[in-house]
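In: please work out how this folds:
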Amino acid sequence: MDDDGDRRSKVQRLYDACDAVFSPGKKGGLPTLAQIRWLRGILDGMEAADVGIDAGAGGEEGEMRSSSSSSDDEASPMAAARRLLSTRGFTRITYVHIHECDDFSMGVFCFPAGATLPLHDHPHMVVLSKLLYGSMRVSSYDWVTAPRSRSGPRKGGLAKVVAVDELREAPCRASVLFPRSGGNIHTLTAATPCALLDVLAPPYAEDLGRPSTFSDMPVPSLSGFAVLEQAELPEDFRVAGAPYVGPELVVSSKKGPELVVDMDLYD
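Out: Numbering: from 1, shown residues only. Predicted structure coming up:
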């Protein structure tokens with residue numbers, strides 16, 4: 001657990017926690033409730049500046065500006081004047097890659113107002129997301145029946161509605177998607193310019209059928225359900241890339257000691 005003398009950046013704390021929870025020692029099992037609460041608690045305390053993003057500046061796409069940290073990282077030597085990436089000038093969805101390994105990935109999706117991520121799934125994945133600034137609308141589903149195999153992508157089927165055009169505004173708690181619950185299939189639309197910090201475990205891998213995109217058709221005779229069918233991405237859909245300029249991340253080359261988590265700390 002982090003203590004008052006911990007000088008690590010917040011993004012380093014998040015990485016270290018993900019490395020402990022999603023390490024190969026888990027043997028493909030889902031994280032425990034205590035571990036999810038721990039990760040969620042770390043994400044809840046994070047702001048855009050903690051991952052090198054300026055939530056308020058305007059300017060040209062990709063503009064950098066220097067800033068001092070505004071969080072508890074101020075006591076750290078890493079908090080000296082730091083460059084921040086201004087995202088408010090972005091004209092398309094842009095992904096800021098922070099880290100990826102076989103076990104998990106960390107990155108930020110930056111949305112201009114009105115931009116949409118098409119309806120897509122997260123098969124056999126746990127996803128934690130923190131809205132860093134702005135607001136977005138979320139519609140989501142879960143499959144009525146669990147996928148029969150890990151060998152290929154789900155082509156479609158009956159799904160239960162979890163959320164319909166639900167408005168989320170920062171600051172708000174981090175959300176959690178599980179392989180079979182929580183709104184594993186979702187579409188996101190930016191109501192205002194916004195940024196979403198994502199942790200995916202394991203990462204997307206197209207060769208394993210992750211992800212698939214879908215079209216949805218409500219079932220008039222069955223309220224709260226829809227039929228989903230696999231669909232191609234819109235031809236004009238593109239995600240741009242932008243550099244990560246946040247605190248340096250120290251990547252572990254081996255698993256450290258097992259971390260004991262107190263569930264009550266993150267209720």
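In: relative to residue 50, how far out is residue 95?
Out: Noted for residue 95: a distance of 17 Å to residue 50, by C-beta to C-beta, to the nearest Å. Heads up, the C-betas are built off the backbone N, CA and C, glycines and all.
In: who has more neighbours, these two?
Out: residue 50 (24 against 14; other C-beta atoms under 10 Å).
In: surely the more buried one is in a helix?
Out: Yes: judged by DSSP: H, G, I helix; E, B strand; the rest coil, residue 50 forms part of a helix.
In: am I right that it is in contact with residue 9?
Out: Yes: if you go by C-beta atoms under 8 Å, residue 50 and residue 9 touch, sitting 6.9 Å apart.
In: and the next helix or strand past the lowest-mean-pLDDT helix or strand in the chain?
Out: Of the helices and strands making up the chain, the lowest-confidence element is strand 64-67, at a mean of 49, by mean pLDDT, DSSP states H and E. Downstream of strand 64-67, the first helix or strand assigned by DSSP states H and E is strand 82-86.
In: that next one pairs with which strands, and in what direction?
Out: Sheet pairing of strand 82-86 (DSSP bridges) gives strand 53-54 (parallel), strand 64-67 (antiparallel).
In: that one - what's its average pLDDT?
Out: For strand 82-86, mean pLDDT rounds to 84.
In: try stretch 243-259
Out: 74.
In: now swap in stretch 35-46 and tell me
Out: In this model, stretch 35-46 carries a mean pLDDT of 97.
In: I'd like the distance from that stretch to the chain centre, please.
Out: 12 Å (C-alpha atoms, centre = their mean, to the nearest Å).
In: confirm residue 11 sits in a strand?
Out: No: applying three-state DSSP, one finds residue 11 to be helix, outside a strand.
In: now residue 188: closest residue in space, sequence neighbours ignored.
Out: Once flanking residues are discounted, residue 188 sits nearest to residue 117: 4.5 Å by C-beta to C-beta, 6 or more residues apart in numbering.
In: contacting residues for that neighbour?
Out: 93, 109, 187-189 (C-beta atoms under 8 Å, 6 or more residues apart in numbering).
In: relative to residue 182, how far out is it?
Out: With distances taken as C-beta to C-beta, residue 117 is found 16 Å from residue 182.
In: how about residue 37?
Out: Using C-beta to C-beta, residue 37 is found at 14 Å from residue 182.
In: hmm, back to that, most neighbours, which of the contacts of residue 117?
Out: In the contacts of residue 117, the most neighbours by other C-beta under 10 Å go to residue 188, 23 neighbours.
In: paired strands for the helix or strand containing residue 130, with orientation please.
Out: Following DSSP H and E, one finds residue 130 within strand 126-133. Take DSSP bridges as the rule and strand 126-133 pairs in its sheet with strand 175-177 (antiparallel), strand 194-201 (antiparallel).
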